[in-house]
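A.B. asks: Here you go, sequence then predicted model.
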Amino acid sequence: MATIKARPFDFTLNPAETALIVIDMQRDFVEPGGFGATLGNDVSLLQAIIPATAQLIAGFRKAGLPVIHTRECHAADLSDCPPAKRERGNPALRIGDPGPMGRILIAGEDGADIVPELYPVAGETVIDKPGKGAFYATPLGEILKEKGIRQLVFAGVTTEVCVQTTMREANDRGYECLLATDATESYFPDFKKAAIDMMTAQGAIVGWAATVDQIVEALD
Ligand code: TIU
């Protein structure tokens, strides 16, 4: 057990029951020409968290603890992409359209894969998810149960969309959730701050927040 001086109060980390979930660190969100850019976003902000996220992943690997990666993506025939998702708004390209990194947000295309710096190693779980939350329509819940996990550390993008949605899903399922504040990012800095503020408010109503250095130190 290790105590992390987290927000809004101490988080007692039990490494034997902890896994890291790295949300959607895919080229489609982080690199020009992908899904994030088609929505009109400046993706350069998200690239800045790659080194801190790599440090967090390295800490979990060194401690021999599970690292789980997620990818938001859809089947090539779009059978798992609701029209309400694909047809929303007026993006430069829609999900499934051909872009510079292959078809936007489609499993198996270059853009849907994880950035090389954070690429999974053998033995790590990769969850492909059709929604924003990683529990919806995926085997994540069963995998965590099999591993005896009770605590989840979160990293990835974007803070207020897929990371927050997944933390809320996990919180409702009884997991203690800790967000690594410098290993998550939003296209909108105000939204990142607001997401962290609202999740840690009201006595950690959704979860806790701490830095990568604090978390990695607690794993030693
Ligand atoms: N658009 C945006 O901020 N996020 C997403 O669409 N997906 C994730 O957060 N991964």
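C.D. replies: That came through fine.

A.B. asks: Return the residues of the chain in contact with the ligand.
C.D. replies: Contact residues, the chain versus the ligand (C-beta under 6 Å from any ligand atom): 24, 29, 36, 39, 72, 132, 157-158, 161-162, 187. For every residue, glycine as well, the C-beta is placed using N, CA and C.

A.B. asks: Of those residues, which belong to strands?
C.D. replies: Among those, the ones falling in strands (DSSP state E) are 72, 157.

A.B. asks: By neighbour count, which of the residues of the chain next to the ligand wins?
C.D. replies: When neighbours are taken as other C-beta atoms under 10 Å, the top entry among these is residue 29 (30 neighbours).

A.B. asks: just checking, that residue touches residue 158?
C.D. replies: Yes - using C-beta atoms under 8 Å, residue 29 is in contact with residue 158, at 7.1 Å.

A.B. asks: Need the residues touching each of the two.
C.D. replies: 36, 46 (C-beta atoms under 8 Å, 6 or more residues apart in numbering).

A.B. asks: thinking again about what came up before, between the residues of the chain next to the ligand, which is closest to residue 84?
C.D. replies: Residue 84 lies nearest to residue 132 out of the residues of the chain next to the ligand, by C-beta to C-beta, at 12.9 Å.

A.B. asks: in this structure, which residue is closest to the centre?
C.D. replies: Central residue of the chain (C-alpha atoms, centre = their mean): residue 23, 1.6 Å from the mean position.
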